[in-house]
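Trainee: Show me the folded form of this:
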Amino acid sequence: MTENSTLFISHTGVSLQHGIGFLVDEVQTGCGATGTFWAHEHFNLTDTPDIVTFSKKMLTGGFFHKESFKPQQVIDNRPNYR
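Mentor: This next block holds a predicted model:
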């Protein structure tokens, strides 16, 4: 296990302990740049990150998130100009 693995595993533990999301930014490292599809796969995490951001090499931008981060209600606050 590398130092980075230990660091990431401890961060996931802290996020769980305090009830906050664990976000991994894969904008530059995702899509195979490090030998695996996602760079965080190298860290042997016990669970997947709550949110993963990506773009660039995938020719698009976006994020994945766990079902627990899905809003319960969508609020549309755009003005109605009809």
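
Trainee: any idea how far the most centrally placed residue in the chain lies from residue 21?
Mentor: Geometric centre of the chain, nearest residue: residue 52, 2.0 Å, by CA atoms, centre = their mean. Using CB to CB, to the nearest Å, residue 52 is found at 11 Å from residue 21. For glycine as for every other residue, the C-beta is placed from the backbone atoms N, C-alpha and C.

Trainee: Surely the residue nearest to the centre of the chain and residue 62 touch.
Mentor: No: assessed by CB atoms under 8 Å, residue 52 is found out of contact with residue 62, at 9.4 Å.

Trainee: can you pull out the helices in the chain?
Mentor: In the chain, helices defined by DSSP state H lie at 3-18, listed in chain order.

Trainee: where does it have low pLDDT?
Mentor: Across the chain, the ranges flagged by pLDDT under 70 are 1-5, 7-8, 56-61, 82.

Trainee: all strands of the protein, in order?
Mentor: With DSSP state E as the criterion, the chain has strands at 23-25, 51-54, 62-65.

Trainee: would you list those strands in a markdown table and tack on distance to residue 35?
Mentor: Below are the strands of the chain laid out as a markdown table (distance: least, CB to CB, whole Å):
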| stretch | distance to residue 35 |
| --- | --- |
| strand 23-25 | 16 |
| strand 51-54 | 16 |
| strand 62-65 | 20 |
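
Trainee: Indicate which one of those strands is closest to residue 44.
Mentor: strand 23-25 (13.6 Å; CB to CB).

Trainee: Flag every buried residue along that closest one.
Mentor: Within strand 23-25, the residues scored as buried using 16 or more other CB atoms under 10 Å are 24-25.

Trainee: Same check on stretch 25-34?
Mentor: Residues of stretch 25-34 classed as buried: 25-26, 29-31 (neighbour count, 16+ other CB under 10 Å).

Trainee: Ends of it, what's the gap?
Mentor: End-to-end span of stretch 25-34 (CA to CA, to the nearest Å): 14 Å.
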